[in-house]
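K.L.:
Got a predicted structure here, sequence first:
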There are 4 protein chains.
Amino acid sequence: MDDYQSILDEIYTELSPRFGEGHVATYIPELAKIEPQKFGMAVITADGRLFQVGRADEPFSIQSISKLFTLTMVMGEPALWQRTGREPSGNAFNSLVQLEYENGIPRNPFINAGALVVTDLILSKHGNAKEVVLNFVRRISGQSDISFNFTVAASEESVGFRNKAMAYFLKSFGNIKGDVEVVLDAYFHHCSIEMSCVQLAKAGLFLVNHGKSPYWSVPILNARETKYINSLMLTCGTYDAVGDFAYQVGLPAKSGVGGGILAVMPDQFAVCVWSPGLNDVGNSLLGTQVLSLFTTKTGMSIF
Amino acid sequence: MDDYQSILDEIYTELSPRFGEGHVATYIPELAKIEPQKFGMAVITADGRLFQVGRADEPFSIQSISKLFTLTMVMGEPALWQRTGREPSGNAFNSLVQLEYENGIPRNPFINAGALVVTDLILSKHGNAKEVVLNFVRRISGQSDISFNFTVAASEESVGFRNKAMAYFLKSFGNIKGDVEVVLDAYFHHCSIEMSCVQLAKAGLFLVNHGKSPYWSVPILNARETKYINSLMLTCGTYDAVGDFAYQVGLPAKSGVGGGILAVMPDQFAVCVWSPGLNDVGNSLLGTQVLSLFTTKTGMSIF
Amino acid sequence: MDDYQSILDEIYTELSPRFGEGHVATYIPELAKIEPQKFGMAVITADGRLFQVGRADEPFSIQSISKLFTLTMVMGEPALWQRTGREPSGNAFNSLVQLEYENGIPRNPFINAGALVVTDLILSKHGNAKEVVLNFVRRISGQSDISFNFTVAASEESVGFRNKAMAYFLKSFGNIKGDVEVVLDAYFHHCSIEMSCVQLAKAGLFLVNHGKSPYWSVPILNARETKYINSLMLTCGTYDAVGDFAYQVGLPAKSGVGGGILAVMPDQFAVCVWSPGLNDVGNSLLGTQVLSLFTTKTGMSIF
Amino acid sequence: MDDYQSILDEIYTELSPRFGEGHVATYIPELAKIEPQKFGMAVITADGRLFQVGRADEPFSIQSISKLFTLTMVMGEPALWQRTGREPSGNAFNSLVQLEYENGIPRNPFINAGALVVTDLILSKHGNAKEVVLNFVRRISGQSDISFNFTVAASEESVGFRNKAMAYFLKSFGNIKGDVEVVLDAYFHHCSIEMSCVQLAKAGLFLVNHGKSPYWSVPILNARETKYINSLMLTCGTYDAVGDFAYQVGLPAKSGVGGGILAVMPDQFAVCVWSPGLNDVGNSLLGTQVLSLFTTKTGMSIF
C-alpha cells in the first residue's frame, strides 16, 4: 500500500531550507506581490486517497495550467488539429517568430498562441469563453468555490501587450474567428483562476483514470483522448524545457507561471506542487525539483 | 537645357501597351477597386520647371510614401535613432520576426514597425499625429487641397490586424509610448493621404534642394539631414528590393503599395510615377521600370 | 499471458495491401535502391520471448537508430550535457539555423548535429569511433554478425555535404574537438550499420530492463540513465514529429530514414518495425501506423 | 581645383590622437599580429592626381575588398544573378541562417557565401581561381608587385571552419559546382592579397571612370555595369552597416576586416583608408569616421 504521506513529509523537510528560491514572475504586477516562500503539495491516488503537505489548501493563480482544461474542452472539435499543431516548439512560449514562419498555425495548444486559438474555439462553440471554462473546472474537480481573480485578470490585461500582439497576429492569418478583444479577455480570465494544490490534483484525476472523474458522472474524455492529453503534456506541457522535465521528472505535466505544476502518473496518481519561484524557462524551480525527488523516491515514472 | 518632356512622352508611348501589368494590392478592400491601367508621371526640376504625362494630376493613395514625410518631421528628435535603426531589413516590410530578434527596435523607419515608432514620436511631440502630418505635407508641397481618404483609412483599419499585432508587439517592448489605438489610427490615416504625381514631386523638392522647399520660407531640413534622408531612401526605401532598385534605377526613392514611387536626383529633379500594378515585393512594377528607363535615357543616376 | 504473435499476424494482414506506401529516401543513392514493399516486425518481451512477422530477419540500414546506441555509449561522460541540450528542436533534423542561434550547442543528441558531437565524444574517449561502436552494438544485441555496409557509407559520404557543413559549423564553435573528416567518416559508418528487426529489438532490450541486457553480463546503463534515454527518445527520437508520434503511438522510440523504428515499453517489450517508405518528416509511414495499431490492440502505452 | 592634400593633412592631424581605436580582427591568427596604430589614406582623382597621407604605401591584407574585384570579373556571367541575389542581408556577413531559409542562394556577392559562389564561377570559367584573380588585380591597378600573403592564407585556412561550413552548405544546395576545397583555397588566397591604400585607390579608378582604367587599354566594365557595381557597394558593401555607412559617408564602398575601406565618388575620385581597428560590425572604426569627415569637408557625396 502506497504511503505517499511519509514521502511528502520527507520532501518538505529536505526542501524547506530552500523555500523562496527562483524568481517570482514580475511581468504581471499583481502576481509579483506573492510571497516566494510559500509551498504546498498534494497527491491524490486513482482510488481517491489524498495526501498533502504545506499550504496545499491555499488557492494560487493557476495561469497556464488553465491551458490543460481549455484543451480538454475542445478535444472533440474537428477543427482543432487543423488550427494548431501538436509538436514542441523549440522556442519560448510567447515567441511570434515561429508563428510567422508557420503561417499562423501555433505549434501546440500549450503555448500562448495555441491557447488563444483554443479559447476562440470555445467561444465559437459556446458563445462565451469565460463562465463555461470556470464551470468546467469546477465540475471536473468537484469544487464549486473556484473563481476568477478579477484583479489578476485586469492586471494581466493592462500589461499583456505581447499576448495582444499574438492574438492580432493570429487574426491576421485568419486563425482567430471571433473578436480578438473578447478572446483575450477570456484568456486572461482563464489564467487568473485560483485553485489550491488539492483542487488541482483533484481536477487532474480524470487524466489518471482514463478520462473519468470521480466528481462527474459523465466521462470527461474517452480513454484514447486521455492518452492524447497526457502525451501532449509530456511533449509540450512545460514550456521550452519539456526534454529536461521528462528527463528529470518523467511524468506528463502542465506548469504555470504562478508557480504551480500539475503532473499525472496514469493509473496511479495526480500530484500538484506549488512554489512561486521560477527557473529560467518559466517553470517552478523548486516544483520541478520536488517532482524529480518524488518520482525518484516513489520509483514512479512512465519511463 | 534639360528637356524632360520629350523623354516622358517617349516613355509613355513605349510603356502604354503594358499599362495594367502587375497585381493591384488587394489586402486593403478599398484599394483593390482601383483601375490597374492608370498611369501618371511628373518631373520637377531643382529650379521649378514641371514636366508631366498621363494622369499626373489625379490623386492616388500614397500609402508608404507617407513614411518619408513622417520621418522628415522627426529627423531632429534625439530619441529617433535609439528607437529605430537605419539598416535595410533583409525581410518583408511587415515581418515580426526580426523585431523579436532585435528586441523591439525596428530595423529602419521605412518598414511598418519603424513608421509606427515614428508616428508615436510625432504623437508625443505634437499631442496629435494626424492633422500635424497632413498640414506638414500640405505645406512642403504648397498644396492646400491634399486630404485623407477616410474610406481608405477605415478600410485599412478594418483589416489591419498585422499592423495591430506589430504595434502591440512594439508596445510590449516599450517602444510605443502612447496609446496603441491612437498611434494605429494616425498611421492608417497617413497611408490614406491622396496626392497626385505632380503634388508628390513638388513635396519631394526639398530633398533635391538641400532641405529647402520653394513652397515654404523656413528650411525643412538642413543639408546634412537631407543627405541622411536620401541615403535612407536608397538603402531602405523600396521594401526588400533596395539592392535591385538601386541597381536598376540608381536613385533614392520611396514607394507605396498604392503604386506610387517618388524618387530624387540631388541638385537635379524630383520624379514621381504612378502605376497601381505591383511586383512581388510590393513596388509598382511598371513604376520601377519607368524609372529605370528614365535614368537610362537621361543618363542621370547617383552612381 | 501476452500473445503478441496473433496481434502481429493481424497487423500484417491488415497492412499488407498498403506495403510500399510513402517515399523511400532518395538523397542517399544507395538507399534509393531498396524495394519499398519490404516489411518486417519483431517484438521481444522483457523475459526474452520473441515474436516476428514478415522480413524480420532481413538486415536493413539502421541510419539514425544508430544515434540511440552512440548516445548510450556516452551517457556517463561529464561533458555530454554541456555540449548538447536535451530539448526537442522544433525544426528539421538537419537544420543549421538553430545551431547558429544557439551558438553551436545542438538541441539534443538525436538530431544530426548532436550525434556528430556524440561521435566526437566517443572519438576522444576511445581513440576511434567506428569499431568501438560496431562492437558495442554487437555486444548489446548478442549478435556478432552485424556489420557496416561500406557501400552505403561511401554513398552517403559522397553526397553528405549538408552533414559536412554541419560538422564544420560545430567545429567553428569549438564543439568538435577531433578532426572533422574523421568524425564524419565514423558518423556515416554508424548510419550504414545493417541490422534486422529481430536484432534491433534485441539490442533495445536493455531499455526495457532498467539497463540490463540479457546478452551482456555488465549492466549497460543504470536504471536512472535508462529512464533518461527513454525520456529522450520520447521527446526527441522521431525528428520534428515527436508530439504527433507520442500522440499516435505513446512509446519512446527512435526512427531512421532506412525505414526502421525501434520502440520500447519499459518492463514489457521492445518492438521494431521496418517499412522503407517515409512520411513527410522522415519517419517510416507504415511503421508509425503499425506501432499505433500495436499499442491500440495491446492497450500498451506509457500514457 | 580640388586640393585634397590639405584635407588629408587636416584629417590626419585631427585623427592621429585616436590611432589604434577599435579592435583588430583576432579570429585569423596572422592578422591579429598587426599594429593597431597604423594608418594610411590615399585619394586619386578621375584625372589621375594622387594625394596621400600616413602609411599610404604600406601593403595590408585587403580581405573582403577582394570581393569587389572577383565580382567585377564575373559581371558578364549569365548565371551570376541566378546564383546570388543583390539585396542587403540584414544579417552578419557569415550567417548561415538566411542561406538556409533562402535555399542556398546568397543574398548578395559581398557576403562570404556570395563571394564563394563568385569564386566558383571564376573557377568554372578559367579553370583556376587564384592566379587569374591576382593577375586581374595587378592589371586594373597597373601594379605588378601585388601578391598573395601565403602565411595569411594558410592561417585563415587553418581556422576557417565557418567558411568551410558555408561552402559545404552551398554545395549541398548545388550552388557550388566545383570542388569545395579548391574553391575555399582560392577564396582564402583572394582575402590574403596585400595592397597599399595607393594601390587600392588606383584599382578602384575604373569605378570612377565609367568602367575604364587608365592602366589597361580594354574597358574593364561598360558604363552600365559600372553603375551596377557602385550601387551594390552602396547597398551591400559594408556588412550589416550599409544603412549607417550610407548615412555617415554617402559613398559606395567596400570594406575588409584587414581595416581597409575603398570608396568611390563617380566622376570625381577613388579614396582608400586603412586603420586596422574595427567597429562592432567589422568595418574599420576610424576608417568609417575618416571617410565621413572627408565627405563633410569636401562636400562630396552621392546624396
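P.N.:
Nice, thanks for sending it over. Residues are numbered from 1 along each chain as shown, chains lettered A, B, ... in the order given.

K.L.:
where does the closest residue to residue A:26 other than its chain neighbours land on pLDDT?
P.N.:
Excluding the flanking residues, the one nearest residue A:26 by Cβ to Cβ, 6 or more residues apart in numbering or on different chains is residue A:32, at 4.3 Å. For every residue, glycine as well, the C-beta is placed using N, CA and C. We have a pLDDT of 90 for residue A:32.

K.L.:
Same check on residue A:182?
P.N.:
For residue A:182, pLDDT reads 97.

K.L.:
so it is in which element?
P.N.:
Taking DSSP states H and E as the criterion, residue A:182 maps to helix A:180-192.

K.L.:
what's the answer for residue A:82, then?
P.N.:
helix A:80-83.

K.L.:
Look at the residue nearest to residue A:26 and say how many residues are nearby.
P.N.:
12 (other Cβ atoms under 10 Å in any protein chain shown).

K.L.:
got a list of what it touches?
P.N.:
A:24-26 (Cβ atoms under 8 Å, 6 or more residues apart in numbering or on different chains).

K.L.:
For the residue of chain A found nearest chain C, which non-adjacent residue is closest in space?
P.N.:
Closest contact between chain A and chain C, by Cβ to the nearest Cβ, is at residue A:90 (2.4 Å). Take residue A:90 and drop its neighbours on the chain: the residue closest to it by Cβ to Cβ, 6+ apart is residue C:90, 2.4 Å away.

K.L.:
List only buried entries from the contacts of residue A:32.
P.N.:
A:24-25 (16 or more other Cβ atoms under 10 Å in any protein chain shown).

K.L.:
Would you state the helices of the stretch 51-200 of chain A in chain order?
P.N.:
Along the stretch 51-200 of chain A, the stretches classed as helices by DSSP state H, counting those that start in this stretch are A:66-74, A:80-83, A:97-101, A:112-126, A:131-141, A:150-159, A:161-172, A:180-192, A:197-203.

K.L.:
Compare those helices and say which comes out lowest on pLDDT.
P.N.:
helix A:97-101 (a mean of 86).

K.L.:
Got the confidence number for the residue in the stretch 201-303 of chain A that chain D sits nearest to?
P.N.:
Residue of the stretch 201-303 of chain A nearest chain D, by Cβ to the nearest Cβ: residue A:240 (18.9 Å). Note for residue A:240: predicted pLDDT of 88.

K.L.:
For it, grab the count of nearby residues.
P.N.:
Residues lying near residue A:240 (other Cβ under 10 Å) number 24.

K.L.:
any idea which element the closest residue to it other than its chain neighbours lies in?
P.N.:
Of all residues not flanking residue A:240 in the chain, residue A:281 sits nearest, at 5.3 Å (Cβ to Cβ, 6+ apart). In this assignment (DSSP H and E), residue A:281 forms part of neither any helix nor any strand.

K.L.:
quick one: contacts for the residue of the stretch 201-303 of chain A found nearest chain B?
P.N.:
In the stretch 201-303 of chain A, the residue that lies nearest chain B is residue A:240 (14.5 Å; Cβ to the nearest Cβ). Residues in contact with residue A:240, defined by Cβ under 8 Å, 6+ apart, are A:88-93, A:281, C:87.

K.L.:
May I see these arranged in JSON lines, with neighbour count and pLDDT as well?
P.N.:
Formatted as JSON lines, the contacts of residue A:240 follow (neighbours: other Cβ atoms under 10 Å in any protein chain shown; pLDDT from 0 to 100):
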{"residue": "A:88", "neighbour count": "31", "pLDDT": "91"}
{"residue": "A:89", "neighbour count": "29", "pLDDT": "83"}
{"residue": "A:90", "neighbour count": "23", "pLDDT": "78"}
{"residue": "A:91", "neighbour count": "22", "pLDDT": "75"}
{"residue": "A:92", "neighbour count": "16", "pLDDT": "71"}
{"residue": "A:93", "neighbour count": "20", "pLDDT": "69"}
{"residue": "A:281", "neighbour count": "18", "pLDDT": "91"}
{"residue": "C:87", "neighbour count": "26", "pLDDT": "92"}
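
K.L.:
In contact with the residue nearest to residue A:90: list those residues for me.
P.N.:
A:87-91, A:98, A:107, C:98, C:240.

K.L.:
re the thing from before, please report how far the residue nearest to residue A:26 lies from residue B:53.
P.N.:
64 Å (Cβ to Cβ, to the nearest Å).

K.L.:
got a pLDDT number for the residue nearest in space to the middle of chain A?
P.N.:
By Cα atoms, centre = their mean, the mean C-alpha position of chain A lies nearest to residue A:65, the distance being 1.5 Å. Listed pLDDT for residue A:65 reads 98.

K.L.:
wait, it sits on residue A:260?
P.N.:
Yes: Residue A:65 is in contact with residue A:260 according to Cβ atoms under 8 Å; the separation is 5.6 Å.

K.L.:
Give me the common contacts of those two.
P.N.:
A:195, A:200.

K.L.:
gap between stretch A:262-273 and the chain center?
P.N.:
13 Å (Cα atoms, centre = their mean, to the nearest Å).
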